[in-house]
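[1] build me a structure from this.
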Amino acid sequence: MSRRRTLGAGCVALLAYLVAIPGTVAAQSPNRELIDGLEYQLLYVALPLTLFVLMILVYAAVKFHDNDDPQPTTEDPALEITWTAATAIILLFVGLSGYTVLVNPYVSPSQALESDNRSQEGFDSFEDLPDTGDEEVHVRGYQWEWQATYPEANVTTENQIVIPANEDVTFWLTTDDVIHSLFAPDLGIKQDAFPGDYTRARTTVDEPGRYDVVCAEFCGAGHSRMEGEIVVVDRETYDQWLEENEGTVAEAPDPG
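    Next up is the predicted model:
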């Protein structure tokens, strides 16, 4: 009995220690940092629990493999309470960890608008959308390309989305035909786009560079070719690029 209680208490203590370990992950955007951090936190709990269950399984298989007269398990209320409490703690940890990520304005940006009594639903065009206070880019998907428009300068790009580094940026997304999904793996950005509707993705990127973009929703025969890139440049380069290309279809500047 004493050994079982000690084992149970040790498992709970190990779980509490693992829950307290912070997830430190290097990432280029808060979106990716939040998602990676959640994955590491869950891994800290899942890995030792998996090993613990496997050890018990191996122990039972070796110890009782030749038992010709198995007996019912002896009741042990203390052990049952221990594993029930441990399970409750695990589920609570998973729920709270997931919730803190899901409500973050970079992962669920639409909630920030709803909290201010604003919404992206029910608008007929990009021009009707609410002001977010971020640098805004209008992104339109169609079979099988991405088109980005910068409303303040009337600049358009094809399969390239140019944004300034170290600033909050909102992508307003829609499509002309079927459902598409803007997915930038390195930045942790993934947002579906729907015909006749407008959805929002939000990020800030620390380092200038080029980040691959693909469509993550099957959209027809050319789905695999629907690729692009997010080009991140410093603010001075961004402003100069917009000024020089006003009213044109432009190529993205070199991020350096």
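
[2] let me see the contact set for the residue nearest the centre of the chain.
    Most central in the chain under C-alpha atoms, centre = their mean is residue 35, positioned 4.6 Å from the mean C-alpha point. By C-beta atoms under 8 Å, 6 or more residues apart in numbering, the residues touching residue 35 are 101, 107, 188. No exception for glycine: its C-beta is placed from N, CA and C like everyone else's.

[3] one more time with 7 Å
    Neighbouring residues of residue 35 by C-beta atoms under 7 Å, 6 or more residues apart in numbering: 101, 188.

[4] list phi and psi for it.
    The phi and psi values for residue 35, taken as degrees, to the nearest 10, are phi -70, psi -50.

[5] state the distance from it to residue 157.
    Plainly put, residue 35 is 27 Å away from residue 157 if you go by C-beta to C-beta, to the nearest Å.

[6] so which elements touch whatever helix or strand residue 239 lives in?
    Per DSSP states H and E, residue 239 falls inside helix 235-244. Using 3 or more C-beta pairs under 7 Å, 6 or more residues apart in numbering; DSSP states H and E as the contact criterion, the neighbours of helix 235-244 among helices and strands are strand 160-164.

[7] could you give the separation of the helix or strand following the strand it packs on from the chain centroid?
    Next helix or strand after strand 160-164 toward the C-terminus (DSSP H and E): strand 169-175. When C-alpha coordinates are averaged (C-alpha atoms, centre = their mean, to the nearest Å), strand 169-175 and its chain have centres 16 Å apart.

[8] for stretch 213-232, buried residues please.
    Buried residues in stretch 213-232, counting neighbours by 16 or more other C-beta atoms under 10 Å, are found at 213-217, 219, 223, 226, 228-232.

[9] still on that earlier bit, show residues contacting the helix holding residue 239.
    Taking contacts as C-beta under 7 Å, 6+ apart, the residues outside helix 235-244 that touch it are 150, 153, 155, 162, 164, 167, 253.

[10] quick check: can you list the domain ranges of the protein?
    Domain assignment for the chain, taken from automatic domain parsing, gives 2-64+75-102, 132-244.

[11] for stretch 205-218, list the C-alpha coordinates in CSV.
    Taking only C-alpha atoms (Å, rounded to 0.1, in the frame of the first residue of the first chain), the coordinates of stretch 205-218 have been written out as CSV:
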residue,chain,number,x,y,z
VAL,A,205,7.2,39.4,-38.2
ASP,A,206,10.5,40.1,-36.5
GLU,A,207,13.0,39.4,-39.3
PRO,A,208,13.0,40.6,-42.9
GLY,A,209,13.0,37.8,-45.5
ARG,A,210,10.9,35.7,-47.7
TYR,A,211,8.4,33.2,-46.2
ASP,A,212,6.6,30.6,-48.3
VAL,A,213,2.8,30.7,-48.7
VAL,A,214,0.6,27.8,-49.9
CYS,A,215,-3.1,27.1,-50.2
ALA,A,216,-4.0,24.6,-47.5
GLU,A,217,-7.6,23.9,-48.8
PHE,A,218,-8.1,21.7,-51.8
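
[12] quick one, helices of the protein?
    2-20, 30-63, 77-102, 109-115, 235-244 (DSSP state H).

[13] how close does the closest residue to residue 179 other than its chain neighbours get to residue 70?
    Spatially, and ignoring its direct neighbours in sequence, residue 179 is nearest to residue 217 (5.2 Å; C-beta to C-beta, 6 or more residues apart in numbering). Taking C-beta to C-beta as the criterion, residue 217 is separated from residue 70 by 52 Å.

[14] what about residue 179, how many neighbours?
    15 (other C-beta atoms under 10 Å).

[15] in contact with it, which residues?
    Under the criterion of C-beta under 7 Å, 6+ apart, the neighbours of residue 179 are 192-194, 217, 219.

[16] so of those residues, which ones are in strands?
    192-193 (DSSP state E).

[17] which one among the contacts of residue 179 gets closest to residue 137?
    Nearest to residue 137 among the contacts of residue 179 is residue 193, at 12.9 Å by C-beta to C-beta.

[18] what is the residue nearest to that closest one when sequence neighbours are not counted paired to in the beta sheet?
    In space, residue 193 comes closest to residue 173 once its chain neighbours are excluded; the distance is 3.8 Å by C-beta to C-beta, 6+ apart. With DSSP bridges as the criterion, residue 173 is bridged to residue 139, residue 199.
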